[in-house]
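>>> predicted coordinates and the sequence they were generated for:
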Amino acid sequence: MKKYQGVSASRGICIGPVFQFKRAALEFSTYNITNLASELQRLQKAVNIAQKQISQVYEKAQQESTSGEAEIFQAQLLMLEDPEFWEQVHKDIESNKVNAETALGRVSDAYADMLRSMDNEYFAARAADVKDVSNRILRILLGVAESPTENLKRPSIIVADDLTPSDTVLLDKSMVLGFCTAQGSATSHSAILARGLGLPAVAGAGLEVLYLEDGKTAILDGKNGALLFDPDTVTVDIYRQKMEVSRQIHADAMKYCCEPARTKDGKHVEVVANIGNVEGAKSAVNNGAEGVGLLRTEFLYLERQNLPDEEEQYQAYRLIMDVFGQKPVVLRTLDVGGDKELPYLDLPKEMNPFLGQRALRLCLARPSLFKPQLRAALRAGVGRNLKIMFPMVATAGEIIAARKVLDECRAELKAESKAFAENIEIGIMVEIPAAAVMADRLAPLVDFFSIGTNDLSQYTMAADRTNSLVADLSSAFQPAVLRLIRDVIKASHDHGKWTGMCGELAGEPLAAPILLGLGLDEFSASPPMIPIIKQILRNLDSEEMKMIAEEALNMDSPEEVMNLVRSLVPVANIDD
């Protein structure tokens, strides 16, 4: 048995044969053309076919997707209409008298290389989209079959270098047990798809996985980010038992998913959802969410060529809020910049995007970006339980500045005689250590805190959470991170405010006892985890958990913390 370590992209376990997802090589020769008009016509015909194919994939994604993947193909259709790109392709064909394949390959390679050179995850994903579209056209020009899965005859673990949006949507999902990619990260297309389908996924497992033998048995451990190749029978039996226990726990939890999470000593804890679109909202309700703890508004801004206007945002937010009626919806203002770029904003390149002008910093610097969103949110919140949350806050001055812009939006809407939500709670995400340390000073300026453990962990431990080499360091179970969480919750309670958590830790079963013991008021998790977290909380006594939490704070490592919970709170051991 050999273990390949990557990054956890979607939790869960699967056991099955490896299927190497490899496309046929796109090989072609460069030659001089004699009929320019004929060559341009041949290229345009291929582009038209590609447009029809992508439109069909887009429609399929709309029908099947629960995570917003359809927008990716909408963006690809826009790429086919990019005049600058095609001007360069045509210029290469005309000036160098070369065939369409050569010109298209050269221009798309140059575009993709330029995007990759920007050295951040968002542009790397855009480079993949450019190649996805250009390779589709090349396949049409060369007469190469589109699907590499004709030999996929039984449910398998899909192993690939990385998967394009088209790859993931066109796969027969009944034949997919899980995904393992050599490259990519927890935000890659295959990871997004896996979470939407509730399938395990591991990203960044290394190039060695591309040479694993097709058809050989493997175990994919999504929670721990590992692929176990050619496991022995004892290991297989252990993981099969884990899978059965997990299946039963999920089935039992779903029976009571719509019941409140009330602890054994009578404390009600709110369990809400992290979502990014209407499909996510419906999934959240079906899984018993009591509202939304994090509405990611980036879904309206990414994978497109222009800013969404106020009206488009209003309509989108309203549709989501309508799903929840009077249940609370915490809308996080735009969290882009840094590692999540919007090409149409023409943002300057930054040496360290995670520490750059992103999220609230970017919005405060660009009121023309910020105000339409705030106005749309205020309008959409009429008659609904809207709460607005600002991300990436580090100082009191940022909160004051953001609230000032919000007040300006209220005044504008009032002057225009437009209805808007007047009495709403305003909160911030605590994801920068400075905000956690200064929580007692920030609490009077807001109505609530929501802790973003993903970023809080990486900033506290100086460890990139997408890097498998330092995955242990960036764990939110680090005692240093837990101590900051304790301080934030205490500061909010001392000022009569509440604290939620929208980071991944809120959906971790082993963390539930500690977070309850620290006094967390709201758990916000991905929809599939809501029934599980509720079930665990119902079996805990909040006073007893205080003692366990205090003990965890005095541990020296994440492993010690998790082992403490495993030994004292068996009900939280759903993955062990």
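It's in. Residues are numbered from 1 along each chain as shown.

>>> please make it C-alpha for all contacts and neighbour counts, starting now.
Will do.

>>> buried stuff in the helix or strand where I428 lies?
Applying DSSP states H and E as the criterion places I428 in strand 425-430. Residues of strand 425-430 classed as buried under the neighbour-count rule (16 or more other C-alpha atoms under 10 Å) are 426-430.

>>> any chance of those residues in TSV, with distance to E312 and pLDDT too?
Formatted as TSV, these follow (distance: C-alpha to C-alpha, whole Å; pLDDT from 0 to 100):
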residue	distance to E312	pLDDT
I426	23	98
G427	24	98
I428	25	98
M429	25	97
V430	29	98
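
>>> now render the residues you listed as TSV, adding distance to A100.
Shown next, in TSV, are the buried residues of strand 425-430 (distance: C-alpha to C-alpha, whole Å):
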residue	distance to A100
I426	55
G427	54
I428	52
M429	50
V430	52
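
>>> which one among these gets closest to L26?
Proximity of these to L26 (C-alpha to C-alpha) peaks at M429, which lies at 46.5 Å.

>>> is it correct that the closest one is in contact with M389?
Yes. Counting by C-alpha atoms under 8 Å, M429 touches M389, with 6.7 Å between them.

>>> which of the residues in the longest helix along the chain are buried?
Counting residues, the longest helix in the chain under DSSP state H turns out to be helix 36-64. Neighbour-count burial for helix 36-64 flags 36, 39-40, 43, 46-47, 50-51, 54-55, 57-58, 61-62, 64 (criterion: 16+ other C-alpha under 10 Å).

>>> check which helices and strands it sits against.
Secondary-structure packing of helix 36-64 (3 or more C-alpha pairs under 8 Å, 6 or more residues apart in numbering; DSSP states H and E): helix 70-79, helix 83-96, helix 100-116, helix 121-142, helix 165-170.

>>> so where does V565 fall, helix or strand?
Per DSSP H and E: helix 558-568 holds V565.

>>> next one: Y459
Judged by DSSP H and E, Y459 forms part of helix 453-461.

>>> quick one, that helix and strand 425-430 angle?
Interaxial angle, helix 453-461 versus strand 425-430 (axes from the mean of the first three to the mean of the last three C-alpha atoms, to 10 degrees): 40 degrees.

>>> now the helix or strand just after helix 453-461, how far from the centre of its chain.
Downstream of helix 453-461, the next assigned helix or strand under DSSP H and E is helix 479-494. Centroid separation between helix 479-494 and its chain, computed with C-alpha atoms, centre = their mean, to the nearest Å, is 25 Å.

>>> and stretch 435-454, end to end?
The first and last residues of stretch 435-454 sit 15 Å apart, counting by C-alpha to C-alpha, to the nearest Å.

>>> what residues does M501 make contact with?
Listed by C-alpha atoms under 8 Å, 6 or more residues apart in numbering, the contact partners of M501 are 293, 450-453, 520, 522-524.

>>> and it, how far from L515?
9 Å.

>>> now do E310
Taking C-alpha to C-alpha, one finds E310 at 38 Å from L515.

>>> comparing those two, which shows the higher neighbour count?
L515 (24 against 17; other C-alpha atoms under 10 Å).

>>> check which helix or strand covers the more buried one.
Residue-wise, L515 maps onto helix 512-517 under DSSP H and E.

>>> helices and strands of the protein: which one bottoms out on pLDDT?
Each helix and strand of the chain was given a mean pLDDT (mean pLDDT, DSSP states H and E); the minimum falls on helix 165-170 at a mean of 64.

>>> could you pull out the strands in the stretch 301-450 of the chain for me?
328-332, 385-390, 425-430, 448-451 (DSSP state E, counting those that start in this stretch).

>>> then the second one to CSV, C-alphas only?
Written as CSV, here are the backbone C-alpha positions of strand 385-390 (Å, rounded to 0.1, in the frame of the first residue of the first chain):
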residue,chain,number,x,y,z
ASN,A,385,-34.3,39.1,8.1
LEU,A,386,-31.2,40.6,6.5
LYS,A,387,-27.9,41.0,8.3
ILE,A,388,-24.8,42.6,6.6
MET,A,389,-21.3,41.4,7.3
PHE,A,390,-18.0,43.0,6.3
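
>>> and it with strand 425-430, angle?
Using the same axes, to 10 degrees: strand 385-390 against strand 425-430 is 40 degrees.

>>> I'd like the average pLDDT over strand 385-390.
Averaged over strand 385-390, pLDDT sits at 98.

>>> and what of the shortest one?
Regarding strand 448-451, the rounded mean pLDDT is 98.

>>> domains in the chain, as residue ranges please.
2-22+148-246, 36-142, 256-572 (automatic domain parsing).

>>> export the ones you listed to TSV and tack on distance to S29?
Conversion of the domains of the chain to TSV gives the following (distance: least, C-alpha to C-alpha, whole Å):
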stretch	distance to S29
domain 2-22+148-246	22
domain 36-142	8
domain 256-572	33
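
>>> weakest of those domains by average pLDDT?
Looking at the domains of the chain, the bottom one is domain 36-142 with a mean of 81.

>>> got the end-to-end distance for that one?
Domain 36-142: ends 18 Å apart by C-alpha to C-alpha.

>>> still on that earlier bit, and the helix holding Y459, what does it pack onto?
By 3+ C-alpha pairs under 8 Å, 6+ apart, helix 453-461 packs against helix 433-437, helix 479-494.

>>> can you add mean neighbour count and distance to A511 and give those helices back as TSV?
Output for the helices and strands packed on helix 453-461, formatted as TSV (neighbours: other C-alpha atoms under 10 Å; distance: least, C-alpha to C-alpha, whole Å):
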stretch	mean neighbour count	distance to A511
helix 433-437	21	19
helix 479-494	21	10
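
>>> nearest to R195, out of the ones you listed?
The nearest among those, by C-alpha to C-alpha, is helix 479-494 at 25.5 Å.

>>> next secondary structure after that closest one?
strand 498-501.

>>> list the neighbouring strands of that following strand plus their orientation.
Strand pairing for strand 498-501, determined by DSSP bridges: strand 448-451 (parallel), strand 522-525 (parallel).

>>> off-centre distance for it?
Taking C-alpha atoms, centre = their mean, the mean C-alpha location of strand 498-501 is offset from the chain mean by 21 Å.
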